[in-house]
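J.: model this:
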Amino acid sequence: MGMCAPSLVKLGVGQDCTPEEIGGTDISGSVTGQAHFIATDDREALALVRKYLSYMPSSSGQPPPLAPSRPALCESPEGLKEFQALVPENTRVAYDSVRLLELLVDEASLFILHRNYGKSLVTAFARMNGRPVGILASNPRFKAGVVDDQAATKARRFVDLCDAFHIPLLFFTDTPGFLVGPDLEKRRMVSLCARLIGSVFSASVPKITVVLRKAVGMAYIAMAGRATQPQAIFAWPNATFDVMGPEVGLMISHGAAILSADDPDMAKQELLRQMREEASALATAELALIDDVIAPMETRERIISMLERSTQQASFSFKHRIDP
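T.: Okay, here's the model as predicted:
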């Protein structure tokens, strides 16, 4: 999928290239993100189209189609055991967020978009108690779940899509922040992040946020933090909320005091302990910055309950076009 054929490129700019280099499946699926799915043949492509459309209303003037509810895998004894053991308390240890979602949503309903583009963030359709939902989930298996330029672009497109077709949004947050550095700035990272945050602010569909472990800086806002006025923000007991990573924030705020202390390492560790306490889920809940601290096993029930309450008064009409 490209602007022209290799022969025209050769004539126009004198460069030899192949169709794959112009817009093959690797380029379209992993680099530009212009392809949502890569199919092996026509039969699989049509099956993907049918699956995709099953979550969508026939037009923006209708509600998303409900389906019969299916139990989640986490509601079985074996699935619950796997679900509870999946996310390590150590925030430096990764886990499979796709598997977490498979266990949490209605069985066999998870449908991932852009699987190979912006892999530090998962975007997917699924169903919760038969209701279509759009999911954005940090993926610590790739770049520790940081939001880079591809993830920001993918997330913004997906939020706009779900909002246009009245599909509620679920955010599962475990991110150390936006990726930084001079290479990212050359790819317009500031503009990409601003557009993502603007889309999340503007989305009028119900938004529900679950903070699993890390919620850091502006990336937390982009994942439907308090400032975006979600219907609810839940946090797991091990979750932390920081303006920036604790090590970086500590040195910016207390670097001089640490270096002048009799025992700098001890002073640093004590200040880190205090900062972690202040950033904990319980401390954040005490300040009314989140709605509740919940056990992981409560997650599905609380989401379904909030979805049922927040979609009762919904109206359905054209909202906005979808900007690619």
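
J.: the lengthiest strand in the chain pairs with which strands, and in what direction?
T.: Of all segments of type strand in the chain, defined using DSSP state E, the longest is strand 207-216. Next to strand 207-216 in the sheet, as set by DSSP bridges, lie strand 169-175 (parallel), strand 232-235 (parallel), strand 240-242 (parallel).

J.: what is the mean pLDDT for the helix or strand following the longest one?
T.: Toward the C-terminus, strand 169-175 is succeeded by helix 182-185 as the next helix or strand (DSSP states H and E). Averaging pLDDT along helix 182-185 gives 87.

J.: now do the buried residues in helix 182-185.
T.: Neighbour-count burial for helix 182-185, counted by 16 or more other CB atoms under 10 Å, picks out Leu184. Where you see a C-beta, it was placed from the backbone N, CA and C, and this is true even at glycine.

J.: that one: how far from the chain's middle?
T.: When distances are taken as CA atoms, centre = their mean, to the nearest Å, helix 182-185 is centred 22 Å away from the chain's centroid.

J.: re the thing from before, quick one: mean pLDDT for the longest strand of the chain?
T.: Here the average pLDDT along strand 207-216 is 95.

J.: from the chain's centre, how far out does it sit?
T.: Distance, centroid of strand 207-216 to centroid of chain: 9 Å (CA atoms, centre = their mean).

J.: which elements pack onto the helix or strand following that strand?
T.: Toward the C-terminus, strand 207-216 is succeeded by helix 217-222 as the next helix or strand (DSSP H and E). Under the contact definition 3 or more CB pairs under 8 Å, 6 or more residues apart in numbering; DSSP states H and E, helix 217-222 sits against strand 169-175, helix 189-202.

J.: of those, which stretch is the most buried?
T.: Comparing the helices and strands packed on helix 217-222 by mean neighbour count (mean count of other CB atoms under 10 Å), strand 169-175 comes out on top with a mean of 26.

J.: angle of it against helix 189-202?
T.: 140 degrees (axes from the mean of the first three to the mean of the last three CA atoms, to 10 degrees).

J.: how far out from the middle of the chain is strand 169-175?
T.: Using CA atoms, centre = their mean, the offset of strand 169-175 from its chain centre is 5 Å.

J.: so what touches that strand?
T.: Outside strand 169-175, the residues that touch it by CB atoms under 8 Å, 6 or more residues apart in numbering are 87, 91, 97, 100-101, 128, 133-138, 140, 145-147, 159, 162-163, 203, 205-216, 219-220, 223-224, 230, 303.

J.: over to stretch 124-131?
T.: 52, 55, 64, 66-70, 101, 105-106, 109-113, 132-135, 137, 167-168, 170, 300, 303-304, 307-308, 311.

J.: just give me the lowest mean pLDDT stretch among the strands paired with strand 207-216.
T.: Taking the mean pLDDT of those, strand 240-242 comes last: a mean of 87.

J.: how far off centre is that one?
T.: Distance of strand 240-242 from its chain centroid, counting by CA atoms, centre = their mean, is 17 Å.

J.: now stretch 133-143
T.: For stretch 133-143 - counting by CA atoms, centre = their mean - the centre lies 4 Å from the chain centre.

J.: repeat for stretch 121-138
T.: Its chain's C-alpha centre and that of stretch 121-138 lie 10 Å apart, by CA atoms, centre = their mean.

J.: let me see the mean pLDDT of that stretch.
T.: 97.

J.: ditto for stretch 297-316
T.: Computed over stretch 297-316, the average pLDDT equals 89.

J.: count the residues that sit near Val133.
T.: Residues lying near Val133 (other CB atoms under 10 Å) number 26.

J.: now do the contacts for it.
T.: The contact partners of Val133, taken as CB under 8 Å, 6+ apart, are Val105, Phe125, Ala126, Arg127, Ile167, Pro168, Leu169, Leu170, Leu307.

J.: what separates it from Ser109, distance-wise?
T.: Distance of Val133 to Ser109, given as CB to CB, to the nearest Å: 9 Å.

J.: and the strands paired with strand 207-216 as a markdown table, adding distance to Leu48?
T.: Listed next are the strands paired with strand 207-216 as a markdown table, based on distance: least, CB to CB, whole Å:
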| stretch | distance to Leu48 |
| --- | --- |
| strand 169-175 | 22 |
| strand 232-235 | 32 |
| strand 240-242 | 38 |
